[in-house]
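Participant: give me coordinates for this.
(2 chains)
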2 protein chains.
Amino acid sequence: MGNNSNPASHVFKRIAIFGVGLIGGSFALALKKAGTVQQVVGVGRSLASLQRAQELGIIDQIATSVEDAVRGADLILIAAPVAQTATILSAIQPYLQAGTVVTDAGSTKADVVAAAQQIMGEKLAQFVPAHPIAGRELNGPEAALSDLYVGKKVVITRLPENSVEDVNLVAYAWQQCGAIIHHLSPAEHDGVFASVSHLPHLLAYALVDDIARKPHAERLFQYAASGFRDFTRIAGSSPEMWRDISLANRDAMLQELDSYTAQLARLRAHLQADDGAAIEAIYTNAQLARHNWITAIESAEKQRKDGGD
Amino acid sequence: MGNNSNPASHVFKRIAIFGVGLIGGSFALALKKAGTVQQVVGVGRSLASLQRAQELGIIDQIATSVEDAVRGADLILIAAPVAQTATILSAIQPYLQAGTVVTDAGSTKADVVAAAQQIMGEKLAQFVPAHPIAGRELNGPEAALSDLYVGKKVVITRLPENSVEDVNLVAYAWQQCGAIIHHLSPAEHDGVFASVSHLPHLLAYALVDDIARKPHAERLFQYAASGFRDFTRIAGSSPEMWRDISLANRDAMLQELDSYTAQLARLRAHLQADDGAAIEAIYTNAQLARHNWITAIESAEKQRKDGGD
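Facilitator: Residues are numbered from 1 along each chain as shown, chains lettered A, B, ... in the order given. Predicted structure coming up:
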């Protein structure tokens, strides 16, 4: 973690952020609020976004080049759309100095790790992959919030090459944003999020599109109510972002989709056979599991607010 | 509609409600608030619920028998779980007087109509099937609200045998609750709600159960976040109620499920082929359709509040 041995009191001299939207912008605002960073420099494809981020106090400086952004940074966060990660790593690599740690905020990890392994060469150890589990339906610098990460999980999928110090530095930065650090392998991470996030997005998009293409779609939407609204809320998310995530996590997605399709086939057979007991068993198990999950997260939330662990 | 020719000023002398929970209780409270009913009598399997409903002012009287409940009523609402509808119709039929209109609040209509056709004999014309599109995650008389139906849709699936006057009387009662009346055939109704309500419930239950049965379910739930929470909210609904609805609307459910499974197969093929453009086309169409839907309901809501149509 550079030349500081005590992350509990570290102040970053210069943090470079690639992508100053919701994720990168909220990271910058949180660290500034915590007094944990002296200077934030922004990099991005849209000059208008960078200027807006500067006006909003998210960044102190707009980098004139990748080389300029990377020079002297103790931490670099890649918070651009996940499909750009490899391009950004390639751009950074030649200028990356010893002592600079690079991390990312991508929703998939195995593809990012594979790209880093191809691109980073002898600097691979300086890249600590991570994924903050937070979001809003809004995007861009205007959507950034200093408290977006408070109480949220950040999953670090460390590489065998990473030093303990560099992993701790990334964890420290996110902890300063109020986040709780978890560790998974890249494959574990992608399997988990395929199941509880990426597949549900695909399912919600699939349902709305299926309905919208029916000849009587207008009548169908007319009678859709609050249950449908909540079920499909995630189908309001960015199609480009979720296309990229679907492709980046393709193998895990296919596996989860097959498991789910098999489940639907079982339910179809129970329906066809008028087997109320079998249908009720699935519905009841789901209701109970969801109830237990909600109870557990509410209890963890309460413990956290009470200053517990 | 009995002996009153002007529903715009009608006051019901006696309304009998089978099932004094959320749906039946809210109906009674709304009509009382509107001053549209002189006496409400409750019928049900649980004496405790009936007594609670009386304490809460939902009903004025607990019926001592079905005969007692039905005698002198100008309107009867069946608001018990939908699996009991046939039993209740059979119990009512022998005592049903000319001039009394019977309606129901079941979430499926073709099965209710089929049961009524079998049971009601020459009194079939007196049964006007309907479905109020409103609900809460709570049940029982305590959950009843006088404004539950304000601005909500009530779908009447009239029978060819129904008189215009009887249909208007049922519409009038729901309008007095603040509801907006729609008309569909029973088959249209069941197809629409299979698509936008019953299938989504099955899909949400199926996903939570699928995850809960995996060996690493605990880890999966640990990382489930707000998107998962909204997507699965309807899997917190009553398993018994949704088992009954699934079975009652089996044919339409199977058709919608097959359409959706074919959609998932298409998405699977696109994923397998790394066809980002095809995936994005589906996601984009879904996002747009949902956006248009939300815009339309918000505009209708605003129009209603502004006193428009």
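
Participant: only C-alpha atoms from now on, for both contacts and neighbour counts.
Facilitator: Fine.

Participant: what's the mean pLDDT across stretch A:217-229?
Facilitator: Average pLDDT, stretch A:217-229: 94.

Participant: correction: stretch A:277-290
Facilitator: 98.

Participant: burial measure for A:V70, as a count.
Facilitator: 27 (other C-alpha atoms under 10 Å in any protein chain shown).

Participant: where do the helices sit along the stretch 51-200 of chain A?
Facilitator: A:66-70, A:85-92, A:110-119, A:164-176, A:186-193, A:199-212 (DSSP state H, counting those that start in this stretch).

Participant: centre-most residue in chain A?
Facilitator: A:S107 (4.0 Å; C-alpha atoms, centre = their mean).

Participant: by residue count, what's the longest helix in chain A?
Facilitator: Ordering each helix of chain A by length in residues (DSSP state H) puts helix A:276-305 first.

Participant: against chain B, how distant is A:L267?
Facilitator: 8 Å (C-alpha to the nearest C-alpha, to the nearest Å).

Participant: that residue against A:A277, yeah?
Facilitator: No - counting by C-alpha atoms under 8 Å, A:A277 is not a contact partner of A:L267; they are 11.4 Å apart.

Participant: neighbour count winner among the two?
Facilitator: The residue with more neighbours, out of A:L267 and A:A277, is A:L267; 21 against 12, by other C-alpha under 10 Å.

Participant: now the more buried one. Nearest residue, chain neighbours left out?
Facilitator: A:I279 (6.7 Å; C-alpha to C-alpha, 6 or more residues apart in numbering or on different chains).

Participant: my guess is A:Q287 meets B:T232, correct?
Facilitator: No - A:Q287 is beyond contact range of B:T232, at 9.3 Å (criterion: C-alpha under 8 Å).

Participant: quick one: common contacting residues for these two?
Facilitator: Taking C-alpha atoms under 8 Å, 6 or more residues apart in numbering or on different chains as the contact rule, the neighbours common to A:Q287 and B:T232 are B:205, B:208.

Participant: ok, the two, which is more surrounded?
Facilitator: Between A:Q287 and B:T232, counted using other C-alpha under 10 Å, the more crowded position is B:T232 (27 against 24).

Participant: that one - nearest residue in space that isn't next to it in sequence?
Facilitator: Per C-alpha to C-alpha, 6+ apart, closest to B:T232 is B:A204, 5.1 Å.

Participant: need the pLDDT of the one you found.
Facilitator: B:A204 is given a pLDDT of 98.

Participant: repeat that for A:G19.
Facilitator: 95.

Participant: with the one 10 residues further on instead?
Facilitator: Note on A:L29: pLDDT of 98.

Participant: please name the residues that touch it.
Facilitator: So A:L29 contacts A:57-58, A:144-146 (C-alpha under 8 Å, 6+ apart).

Participant: now swap in A:M253 and tell me
Facilitator: A:191, A:194-195, A:198-199, A:246.

Participant: what do you get if the cut-off is 10 Å, keeping everything else the same?
Facilitator: Shown in contact with A:M253 (C-alpha atoms under 10 Å, 6 or more residues apart in numbering or on different chains): A:190-191, A:193-195, A:198-199, A:202, A:245-247, A:259, B:268, B:271-272.

Participant: so it sits in a strand?
Facilitator: No - secondary structure of A:M253 (DSSP: H, G, I helix; E, B strand; the rest coil): helix, not part of a strand.

Participant: what pLDDT is listed against it?
Facilitator: At A:M253, pLDDT is 97.

Participant: before we move on, what about the one 5 residues further on?
Facilitator: The pLDDT attached to A:D258 in the predicted structure is 98.
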